[in-house]
Each structure stands twice: as structure tokens, then as C-alpha cells.
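Trainee: give me a 3D structure for the following:
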Amino acid sequence: QLQLVESGGGSVQPGGSLRLSCAASGVTLDTYSIGWFRQAPGKEREAVSCISSKGDNTNYIDSVKGRFTISRDNAKNMVYLQMNSLKPDDTAIYYCAAAGPPLHPMCIMMNVGYADWGQGTQVTVSS
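Mentor: This is a model prediction of the structure:
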């Protein structure tokens with residue numbers, strides 16, 4: 001059974017950077033599309049970025065384009081979210097989620113289709 005564990009969160013000042021990692025165990029990730037989501041206090045969970053199973057398709061919400069980069073290393077069963085130029089509005093709990101066959105060739109920017117979720121990692125951007 002697929003298990004996902006996020007890491008890399010923390011507290012940074014505006015303009016800082018963090019690299020989130022999503023480690024998978026139980027299965028190989030090369031047949032799973034991965035999404036990064038976030039949920040801030042009092043707000044609904046939103047999709048931040050996604051990457052298809054082969055890494056050939058990625059997408060981002062407008063508010064993070066040019067600042068965040070998603071990548072994956074299927075040989076290591078890892079997915080990453082590099083976050084640069086962080087803003088206070090990026091403060092949230094960040095989750096990674098996996099969508100298996102037949103959705104895995106796609107990059108899905110919504111909650112639908114993701115069957116497996118990690119426990120989340122807190123990101124706080126504050127001066």
C-alpha cells in the first residue's frame with residue numbers, strides 16, 4: 001500500500017526558500033501522478049502544483065508560477081516542491097497526494113482522483 005510522507009517545512013522570512021519533499025513507500029511512484037496541495041487556517045484546501053507520472057507534464061496555480069518548481073525522481077521514489085520568494089500568503093500546511101492508474105499520465109489540479117495523501121508539513125512565512 002502506498003504511503004506518503006512530507007518533509008522540509010518550517011518557518012522562513014518573506015523572500016526565503018524551502019524545499020518540500022514527498023517520500024513514497026510501498027509502491028513505485030512511476031505509475032502515480034503527484035499533486036501538492038495546501039490548506040491555510042480558515043481556508044479550503046487548494047491545489048498548488050502537480051506532476052504527471054513521467055514528469056513530462058506539470059502545472060501550477062497562478063499565485064506560485066515563477067516561484068515554485070515541482071520535480072520528481074522516480075528512481076528514488078521522491079517528489080519535490082522547490083519554493084522560492086516565499087510570501088506570507090504561502091503560509092499553510094502542505095500535503096502531497098498520489099493518483100494512480102488510469103489517471104497517472106495526467107497532471108490533476110483538483111482534489112478529484114487523489115486516493116492517497118500524506119500527513120502534511122507546516123510552512124510558515126513571517127517576518
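Trainee: going along the chain, name the strands of the chain.
Mentor: Using DSSP state E, the strands found in the chain span residues 3-7, 10-12, 18-25, 33-39, 46-51, 58-60, 68-73, 78-83, 92-99, 116-117, 121-125.
Trainee: wait, which of these is closest to Met106?
Mentor: When these are compared by Cβ to Cβ, strand 33-39 sits nearest Met106, at 5.8 Å. All C-beta spots, glycine's among them, are computed from the backbone N, C-alpha and C.
Trainee: I'd like the average pLDDT over the closest one.
Mentor: In this model, strand 33-39 has a mean pLDDT of 97.
Trainee: buried sites along that strand?
Mentor: Residues 33-38 are the ones in strand 33-39 that count as buried (16 or more other Cβ atoms under 10 Å).
Trainee: ok, now stretch 115-127?
Mentor: 116-118, 120-121, 123, 125.
Trainee: related to what we said a few turns ago, between the buried residues of strand 33-39, which is nearest Gly100?
Mentor: Nearest member of these to Gly100, counting by Cβ to Cβ, is Ser33, at 8.0 Å.
Trainee: surely that closest one is in contact with Met109?
Mentor: No. Taking contacts as Cβ atoms under 8 Å, Ser33 lies outside contact range of Met109: 10.7 Å.
Trainee: list residues touching both of the two?
Mentor: Residues touching both Ser33 and Met109 (Cβ atoms under 8 Å, 6 or more residues apart in numbering): Cys50.
Trainee: ok, now which ones touch the spatially most central residue of the chain?
Mentor: Nearest to the geometric centre of the chain sits Trp36, at 2.3 Å (Cα atoms, centre = their mean). Neighbouring residues of Trp36 by Cβ under 8 Å, 6+ apart: 20, 22, 47-50, 70, 79, 81, 94-97.
Trainee: cool, thanks, signing off.
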